[in-house]
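A.B. asks: Sequence and predicted model, in that order:
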Amino acid sequence: MTLAHHIPTTHTHRLLHCMKKLTLGRRISLGFAALSLISVALGLVALKTFSVVDTDADDLANGPVSIVQIHKIIRENYALVHEHVRATD
């Protein structure tokens, strides 16, 4: 590393100066507020994702051919195959 990496920029210097002026309580409060905002943002993303999943599940269950109808068709076909196998023995 060169010496230039250790010299703070004007912006960094101002930020450090502002942080030094804050009391410990205010620093903790700012940290808590930042974490709270991140948590709220993640919660909103999760809610949006769950609503998409819910919509997709509804589409699967109530779409053109529902899961219940597919299950019924499979059972009917299984019964027909079983009947055919028993009839040809």
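C.D. replies: In hand now; what should we look at? Residues are numbered from 1 along each chain as shown.

A.B. asks: which one's the longest helix in the protein?
C.D. replies: If you go by DSSP state H, the chain has its longest helix at helix 24-62.

A.B. asks: and it, how far from the chain's centre?
C.D. replies: How far helix 24-62 lies from its chain's middle: 8 Å, per C-alpha atoms, centre = their mean, to the nearest Å.

A.B. asks: Heading C-terminal from it, find the next helix or strand.
C.D. replies: Downstream of helix 24-62, the first helix or strand assigned by DSSP states H and E is helix 67-87.

A.B. asks: Just the CA trace of that following helix, in CSV.
C.D. replies: The C-alpha coordinates for helix 67-87 follow below in CSV (Å, rounded to 0.1, in the frame of the first residue of the first chain):
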residue,chain,number,x,y,z
ILE,A,67,-54.2,-30.1,-8.8
VAL,A,68,-57.4,-31.8,-7.6
GLN,A,69,-58.5,-32.5,-11.1
ILE,A,70,-55.1,-33.9,-12.0
HIS,A,71,-55.2,-36.2,-9.0
LYS,A,72,-58.7,-37.4,-10.0
ILE,A,73,-57.6,-38.1,-13.5
ILE,A,74,-54.6,-40.0,-12.3
ARG,A,75,-56.7,-42.1,-10.0
GLU,A,76,-59.2,-42.9,-12.8
ASN,A,77,-56.5,-43.9,-15.2
TYR,A,78,-54.8,-46.1,-12.5
ALA,A,79,-58.2,-47.8,-11.9
LEU,A,80,-58.6,-48.4,-15.6
VAL,A,81,-55.1,-49.8,-16.0
HIS,A,82,-55.7,-52.0,-13.0
GLU,A,83,-59.0,-53.2,-14.4
HIS,A,84,-57.4,-53.9,-17.7
VAL,A,85,-54.6,-55.9,-16.2
ARG,A,86,-57.0,-58.0,-14.1
ALA,A,87,-59.3,-58.6,-17.2
